[in-house]
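>>> I need the structure of the sequence given here:
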Amino acid sequence: MIEAGRVSVNGHVVTELGSRADPVADDVRVDGRRVAGAQRRRYLVVNKPTGYVTTRHDPQRRKTVMDLVPRVREYVYPVGRLDYDSEGVLLLTNDGELAAKLTHPRHGVARVYEAVIRGVPSSTNLRRLTSGIVLDGRRTAPADVQVRGGHTTRRGDQACLQVTLREGRNRQVRRMLEAIGHPVVRLRRTRFGPIGVQGLKPGGARELTPHEIDRLRRAAATEMARPETHTHQ
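As a prediction, the model looks like this:
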């Protein structure tokens with residue numbers, strides 16, 4: 001069709017094989033009829049509350065994170081997991097290439113969590129977290145763990161930890177903390193790469209800015225090496 005002169009881009013006939021066009025921005029036509037453009041790329045951040053499933057559809061008919069973005073017509077999907085009882089930063093997109101980079105452990109994109117746990121962990125247990133814990137027969141990547149404070153409740157002492165991971169296994173933070181004997185009371189993701197939820201109420205959502213999208217792409221491209229981890233108490 002190209003060699004026959006039947007294809008045009010932005011009103012100009014294209015006859016050279018291998019010519020490039022942007023399917024989102026350019027007007028591509030065959031025999032004068034416009035070819036349907038690619039789906040508009042969308043990048044959103046949601047401040048996920050507890051009680052929502054991180055999936056597009058749920059067989060049990062529970063509320064899903066898609067209920068938080070009802071006006072988005074494009075087929076967007078969650079980037080990684082955030083379990084039913086957890087809250088905080090969740091990214092949604094239809095950019096499959098970026099989503100794959102953000103979630104693959106070899107790119108080492110940081111996920112930062114605030115965890116309120118039962119009891120106060122010892123220095124030994126904190127070192128276990130930072131060096132990695134065996135889950136399902138495989139050791140976790142080193143985590144950065146900082147104790148942010150603590151308080152006493154009717155059920156005993158609790159501590160608040162900041163945990164930074166560079167991989168995303170299923171319920172990883174909860175399982176790591178359970179493995180050292182300190183179950184999670186509340187878990188909130190405060191950052192995914194450079195993106196947080198400042199200014200977003202629970203259940204709120206917004207589009208990422210071009211600057212934020214660029215920062216996400218750079219994080220996925222450059223955060224390859226895992227930094228040396230430290231524990232601060």
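
>>> the helices in the chain, which residues?
96-103, 123-131, 172-179, 210-222 (DSSP state H).

>>> right, so those: which one is the most enclosed?
Per residue and on average, the most neighbours among these fall to helix 172-179, with a mean of 20 (mean count of other Cβ atoms under 10 Å). Backbone N, C-alpha and C define where each C-beta goes, glycine included.

>>> So what angle separates the directions of it and helix 123-131?
150 degrees (axes from the mean of the first three to the mean of the last three Cα atoms, to 10 degrees).

>>> for helix 172-179, packing partners?
Helix 172-179 is packed against strand 111-118, helix 123-131, strand 134-135, strand 156-165, strand 184-192, with contacts defined by 3 or more Cβ pairs under 8 Å, 6 or more residues apart in numbering; DSSP states H and E.

>>> Of all these, which one comes closest to residue 212?
Closest approach to residue 212 among those is made by strand 184-192 (11.0 Å; Cβ to Cβ).

>>> How far off centre is that closest one?
With Cα atoms, centre = their mean, to the nearest Å as the basis, strand 184-192 stands 13 Å off its chain's centre.

>>> Equivalent analysis for stretch 184-193, please.
In terms of Cα atoms, centre = their mean, the centre of stretch 184-193 is found 12 Å from the chain centre.

>>> Quick check: can you list the domain ranges of the chain?
Using automatic domain parsing, the domain ranges for the chain come out as 1-38, 43-232.

>>> In the first one, which residues are buried?
This means domain 1-38. Neighbour-count burial for domain 1-38 flags 7, 8, 9, 14, 28, 29 (criterion: 16 or more other Cβ atoms under 10 Å).

>>> Next, format those as JSON lines and append pLDDT.
Shown next, in JSON lines, are those (pLDDT from 0 to 100):
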{"residue": "7", "pLDDT": "92"}
{"residue": "8", "pLDDT": "92"}
{"residue": "9", "pLDDT": "90"}
{"residue": "14", "pLDDT": "92"}
{"residue": "28", "pLDDT": "86"}
{"residue": "29", "pLDDT": "89"}
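
>>> how about JSON lines for the residues you listed, with distance to residue 77 added?
Below are these laid out as JSON lines (distance: Cβ to Cβ, whole Å):
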{"residue": "7", "distance to residue 77": "32"}
{"residue": "8", "distance to residue 77": "34"}
{"residue": "9", "distance to residue 77": "30"}
{"residue": "14", "distance to residue 77": "34"}
{"residue": "28", "distance to residue 77": "26"}
{"residue": "29", "distance to residue 77": "31"}
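
>>> Which pair in these has the greatest spatial separation?
14 and 29 (10.0 Å).

>>> which neighbours do those two share?
Common neighbours of residue 14 and residue 29, using Cβ atoms under 8 Å, 6 or more residues apart in numbering, are 7, 8.

>>> one step back: now the helices of the chain in CSV, with distance to residue 64?
Shown next, in CSV, are the helices of the chain (distance: least, Cβ to Cβ, whole Å):
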stretch, distance to residue 64
helix 96-103, 17
helix 123-131, 31
helix 172-179, 20
helix 210-222, 23
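
>>> okay, those in TSV with mean pLDDT and distance to residue 3 next?
Shown next, in TSV, are the helices of the chain (pLDDT from 0 to 100; distance: least, Cβ to Cβ, whole Å):
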stretch	mean pLDDT	distance to residue 3
helix 96-103	94	30
helix 123-131	94	61
helix 172-179	96	54
helix 210-222	93	36
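
>>> Low-confidence stretches in this protein?
23-25, 36-38, 223-233 (pLDDT under 70).

>>> Good, wrapping up.
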